[in-house]
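> Quick one, fold the following:
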Amino acid sequence: LCELLRMRNMKLCEEQLHFAVSQIEKRPTALYLRLAVRVVSEWRSFDTDYEKTLPEGVPMLIDAIYQGIEDRYGQGLCRRALSLITFSKGGVSDGEMEDLLSMDDAVLGEVFQYSDPGISRLPSHVWSRIRSSLMDLLVEVDNGCLRWYHRQLKEAAERRYSSEKDICHRLMARYFCGLELEAGQGERLSRRIQEMPLCFSDTPVWFKEARVNRRRCIEGVYHCINANMMEEAAEMICDVDSVCAHLREGEGFNLLNYVIELHEKSLKASLKKETKDRVDHYYRWLLRSMSTLVENPTAQIGITLTSEPTKSIARRDYVCRIALLHNSAFGRDSFNFVHAMGGFKEFGACLMNLEGHSYSVTSVCFNHDGSQLASGSADKTVKVWNAKTGDLVQTLEGHSDCVNSVCFNHDGSQIASGSDDETVKVWNAK
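This next block holds a predicted model:
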């Protein structure tokens, strides 16, 4: 503790040091020590109530730190900012945070209670001050996004700001999906809110030169689903351009999870019939074909849609999109398209196609609760699949000849496989 304080050019009086050490000894973990150093470095020699700021246990200490930040910079502003970091999927960048806080009238009302800036926009220095106080609690990840650096920091924030969760999901859904502000708030431009198009270039998403908006793909639909914005989620998901963008950004199976959840909710929600049909048709297509689509999105979208029935809305969307591309400045020869010709009229019984084996499949088996599927093949491997999405969980290699039989044990924790190499192997399925 003394060494860490020395690095900050800090020194405690004997009484404070004794108390700090006694608290750390009760919870001698690296996280508690790190957080304690943050707290005690703000103590002054003449403070008399310092003991209240260093409670016993990590959860209570984190709560005290969050409370201190709220007291210093404003409760409404800080609660919303810390909630946005907590309930985002991949973190929030500085620019995104300023935009999101600028979309919140309650936050702006608190910030500008004694002044009128003439524009509904959070000044950059307001967030910068809060960010500087969070420096040792956050980590910067892809695209400059900020996230809690430790699991317990996130868990404590989830508990503390649970009442903010729905508000944050709705706010981020509107922001990342490029939707207009709430009624009465004006346009995004009036608050200098960044636009969130699917692509940041004029080149359509189907071409490799296109600059896909990765942040929209990661955050947009995720928040629509969690905010129960079903109409908006259907609009964002059930569109061939959007599907292509998500696939290109490696979000294919995440998108499928959103489609599955949206489909389940749409069966109970009071949506328009055309919206329910659109969700159902995209659900059928993506569930059946995702394991193929993730391999080569722009080519496989057309190929897989040709196997969809002629009534499929997704298939019709693709045909219309290709026709528009042919009539655009990109020309007929600049895109490898697939003609959707012929096919069945109605949907068939097949729910999912799982592709990954390089030779014939000889055996398949569900686990006890139907959440996973194991398959054995003449390619000498056993593959384990997520039975809900079709995502490949793991490939088990070790047999030297064709695998003829696979089977889960009673609780799905192990898989037994029999092979022409005259061996039975038992695998850990977890």
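> tell me the phi and psi of residue 424?
Backbone geometry at residue 424, expressed as degrees, to the nearest 10, gives phi -110, psi 130.
> Let's see the pLDDT reported for the residue lying closest to it once chain neighbours are set aside.
In space, residue 424 comes closest to residue 418 once its chain neighbours are excluded; the distance is 5.1 Å by CB to CB, 6 or more residues apart in numbering. Glycine gets a C-beta too; all of them are placed from N, C-alpha and C. Looking at residue 418, its pLDDT stands at 96.
> likewise residue 332?
Predicted confidence (pLDDT) for residue 332: 49.
> Next: residue 350.
At residue 350, the pLDDT value in this model is 86.
> burial of the residue nearest to it when sequence neighbours are not counted, as a residue count?
Closest residue in space to residue 350, ignoring its immediate chain neighbours: residue 288 at 6.3 Å, by CB to CB, 6+ apart. For residue 288, the neighbour count with other CB atoms under 10 Å is 21.
> check contacts around residue 288.
When contacts are counted by CB atoms under 8 Å, 6 or more residues apart in numbering, residue 288 touches 304, 350, 351, 352, 353.
> which non-adjacent residue is nearest the last one?
In this case it means residue 353. residue 288 (5.5 Å).
> any idea how far residue 365 is from the one you found?
Distance of residue 288 to residue 365, computed by CB to CB, to the nearest Å: 21 Å.
> Repeat that for residue 12.
Distance, residue 12 to residue 365, using CB to CB: 63 Å.
> With residue 60 instead?
Per CB to CB, residue 60 is found 48 Å from residue 365.
> of those two, who's got more company?
Set residue 60 next to residue 365 and count neighbours by other CB under 10 Å: residue 365 wins out with 17 against 13.
> one step back: where does the residue nearest to residue 350 fall, secondary structure wise?
helix 273-293 (DSSP states H and E).
> Okay, and the nearest residue to residue 241 once chain neighbours are set aside sits in which element?
Closest residue to residue 241 apart from its sequence neighbours, by CB to CB, 6+ apart: residue 205 at 5.2 Å. Using DSSP H and E, residue 205 sits in no helix or strand.
> Please give the number of neighbouring residues around residue 205.
When neighbours are counted by other CB under 10 Å, residue 205 comes out with 23.
> Can you read off the pLDDT for it?
92.
> And for the one 10 residues further on?
You'll see residue 215 listed with a pLDDT of 97.
> mind listing what it touches?
Residue 215 neighbours (CB under 8 Å, 6+ apart): 90, 96, 143, 176, 196.
> Could you do residue 220 as well?
When contacts are counted by CB under 8 Å, 6+ apart, residue 220 touches 173, 176, 177, 178, 196, 236.
> would you say it is within a helix?
Yes. Residue 220 sits within a helix when classified using DSSP: H, G, I helix; E, B strand; the rest coil.
> going forward can the numbers begin at 25, since that is how I track them
All right, first residue 25 from here; so that's residue 244.
> quick one, strands of the stretch 75-224 of the chain?
162-164, 170-172 (DSSP state E, counting those that start in this stretch).
> Quick check: which of the ones you listed has the most neighbours on average?
Counting by mean count of other CB atoms under 10 Å, strand 170-172 has the highest mean neighbour count of the strands of the stretch 75-224 of the chain, with a mean of 21.
> tell me which strands and helices that strand is in contact with?
In terms of contacts (3 or more CB pairs under 8 Å, 6 or more residues apart in numbering; DSSP states H and E), strand 170-172 is packed against helix 99-111, strand 162-164, helix 175-184.
> what about the stretch 275-424 of the chain, any weak spots by pLDDT?
Per-residue confidence for the stretch 275-424 of the chain (pLDDT under 70) gives these ranges: 352-367.
> try it again with 50
Within the stretch 275-424 of the chain, the ranges that satisfy pLDDT under 50 run 356-357.
> Please enumerate the helices of it.
For the stretch 275-424 of the chain, applying DSSP state H, counting those that start in this stretch gives helices covering 276-290, 297-317, 321-329, 337-350.
> Hmm, residue 100 and residue 130 touching each other?
Yes. Contact status for residue 130 versus residue 100: in contact at 5.9 Å, counting by CB atoms under 8 Å.
> Between the two, which is the more surrounded one?
The neighbour count for residue 130 versus residue 100, taken as other CB under 10 Å, is higher for residue 100 (15 against 12).
> Report the contact partners of that one.
Per CB under 8 Å, 6+ apart, neighbours of residue 100: 130, 131, 134.
> which of those lies closest to residue 109?
Relative to residue 109, the closest of these is residue 131; by CB to CB it sits at 14.3 Å.
> I'd assumed residue 123 was in contact with the closest one.
No. In this structure residue 131 lies outside contact range of residue 123 using CB under 8 Å: 11.8 Å.
> pLDDT score assigned to the nearest residue to residue 253 once chain neighbours are set aside?
Sequence neighbours aside, residue 197 is the residue nearest to residue 253 in space, at 5.5 Å (criterion: CB to CB, 6+ apart). With respect to pLDDT, residue 197 scores 97.
> I'd assumed residue 206 was in contact with residue 197.
No. At 11.6 Å, residue 197 does not count as touching residue 206 under the criterion of CB under 8 Å.
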